[in-house]
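Colleague: Coordinates for the following, if possible.
(chains A, B, C and D)
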There are 2 protein chains.
Amino acid sequence: MMTPSPTVFIVDDDSAVLKSLARLLRSARLNVMAFGSPQEFLERHDPRAPGCLVLDLAMPGLNGLELQAALTVKGSAIPIIFLTGHGNIPASVQAMKRGALDFLTKPVNDDDLLKAVQVAIEKDRIARIARAELEDIQARLDSLTPREREVLTHVVSGQLNKQTAADLGTVEKTIKVHRARVMEKMKVHSVAELVHLAERAGIRAA
Amino acid sequence: MMTPSPTVFIVDDDSAVLKSLARLLRSARLNVMAFGSPQEFLERHDPRAPGCLVLDLAMPGLNGLELQAALTVKGSAIPIIFLTGHGNIPASVQAMKRGALDFLTKPVNDDDLLKAVQVAIEKDRIARIARAELEDIQARLDSLTPREREVLTHVVSGQLNKQTAADLGTVEKTIKVHRARVMEKMKVHSVAELVHLAERAGIRAA
DNA sequence: TCCCTTATTGGCCCAAGGTCCAATACCCAC
DNA sequence: GTGGGTATTGGACCTTGGGCCAATAAGGGA
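Modeller: This next block holds a predicted model:
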């Protein structure tokens, strides 16, 4: 399974700026997709596509911060670089607080933008790897039956089988069976590995 | 052991501003310590003191960003709220990137500042709890002998005693002894708990 | 109604971990 | 050189965990 090469998405309502930015980024051998309105981007963007977003702050309809919020709600974690001609400090602080990667002012220095884009793409790459791992773990967790999940939480909190049995109102033998199935479905061969996975998936003690 | 109540540290070279800020914060029943220069704060500040820092950006000598960097180097993790009269977007973005909690502009709205301070103090409180826990774990790790640390890494990566023995060029019996000592010194009663601690302390598999 | 999943339990046996006991060897510091 | 910390090993014994085979029972869906 080949990861598609990253794309820089640009959203700006000024078509001259859009073209100029696209040219600059393409000249740096980057894939570019340009959007003239935030709505258009919001509708057509595939969250699975790797890359980053270069976003104008002041636009008709949705402004940049609103698009950022909409993307967050939608579950997209694409790194955002803001670009603005008439920004102010509160807006930049807001954007950064909400997780923007950078906030640049127009006219933007070419090198500054390219560097920010490089950082964003790399950050996205790393985040995607982590996310894929998490989804993998989550898929395994989802394959567990409710009872198996209960047993899992007891195991990762270090309980003995007999204690778990008492807590769940059954006998040790039953717990052993569930436990074996948990290990199998989670694809691990030791309690240590199981705890590692549970930790990453945010599963807390029983 | 009682945690001292949090203090708001203020650093500003304008004594009128300093007094006005101190009055505002004290009226909100907060402990306040005011400093007229960044150097003075840097020298006299105790990183163990809970609270947050309200920092002017433009000051003679060290400016706010430099003081922020100096504190980072010094290992202080105190939350910083910047306050500036003539700030610009790049400075605010820099500050936020380096971990500032907020970046407000003068004249500051009283409520905005108080809210930011509340958030900062709470964040500091949470961070301190986490840090204390980490230090506690680290202290236990430090009490391990080199050999015990080796055994620990094998245990948390899920190795069997016999495998560990083979890796370390000794026999299973010896590993059992080391392992028992590790459990004792780390104050845990199960492998699961041990993995939890190791994970938090950043110990990776063997 | 029959099949599948889920949850349950039993017996048997072996492997692995944990806990006592005790003992040897090395190195460093007082 | 004597004492303490560290690393090592042995034996005996008990507890836990895990694998294998078999079986029952409830609930849902084809």
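Colleague: so where's chain A shaky on pLDDT?
Modeller: Low-confidence segments of chain A, defined by pLDDT under 70: A:1-2, A:206.
Colleague: Spell out the residue ranges of the helices in it.
Modeller: A:15-27, A:38-44, A:64-74, A:89-97, A:110-142, A:146-156, A:161-168, A:172-185, A:191-200 (DSSP state H).
Colleague: Would you format those as TSV with mean neighbour count and distance to DNA strand C included?
Modeller: For every residue, glycine as well, the C-beta is placed using N, CA and C. Conversion of these to TSV gives the following (neighbours: other C-beta atoms under 10 Å in any protein chain shown; distance: least, C-beta to the nearest atom of the strand, whole Å):
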stretch	mean neighbour count	distance to DNA strand C
helix A:15-27	15	49
helix A:38-44	16	38
helix A:64-74	17	31
helix A:89-97	20	43
helix A:110-142	15	11
helix A:146-156	19	3
helix A:161-168	16	6
helix A:172-185	16	3
helix A:191-200	21	9
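Colleague: could I get those as CSV with distance to B:I78?
Modeller: Compiled in CSV, the helices of chain A are given as follows (distance: least, C-beta to C-beta, whole Å):
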stretch, distance to B:I78
helix A:15-27, 39
helix A:38-44, 38
helix A:64-74, 28
helix A:89-97, 18
helix A:110-142, 26
helix A:146-156, 35
helix A:161-168, 43
helix A:172-185, 44
helix A:191-200, 29
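Colleague: which residues sit in contact with A:R125?
Modeller: A:6, A:50 (C-beta atoms under 8 Å, 6 or more residues apart in numbering or on different chains).
Colleague: can we see that at 10 Å?
Modeller: Remark: with contacts taken as C-beta atoms under 10 Å, 6 or more residues apart in numbering or on different chains, A:R125 is in contact with A:3, A:6, A:50-51.
Colleague: again with A:V151
Modeller: Shown here is A:V151, whose contacts under the criterion C-beta under 10 Å, 6+ apart are A:144-145, A:159, A:161, A:164-165, A:167-168, A:170, A:174-182, A:206.
Colleague: Which residues of chain A lie near chain B?
Modeller: Applying the criterion C-beta under 10 Å from any C-beta of the partner chain, the portion of chain A that neighbours chain B consists of A:82, A:84, A:87-97, A:100-105, A:112, A:154-160, A:188-196, A:198-200, A:205.
Colleague: So which of the residues you listed reach DNA strand D?
Modeller: The subset of those lying close to DNA strand D, counting by C-beta under 7 Å from any atom of the strand, consists of A:160, A:191.
Colleague: I'd like the distance between A:T7 and B:R26.
Modeller: Between A:T7 and B:R26 the computed distance is 53 Å (C-beta to C-beta, to the nearest Å).
Colleague: same question, A:P38
Modeller: Using C-beta to C-beta, A:P38 is found at 45 Å from B:R26.
Colleague: same question, A:Q39
Modeller: Counting by C-beta to C-beta - A:Q39 and B:R26 are separated by 49 Å.
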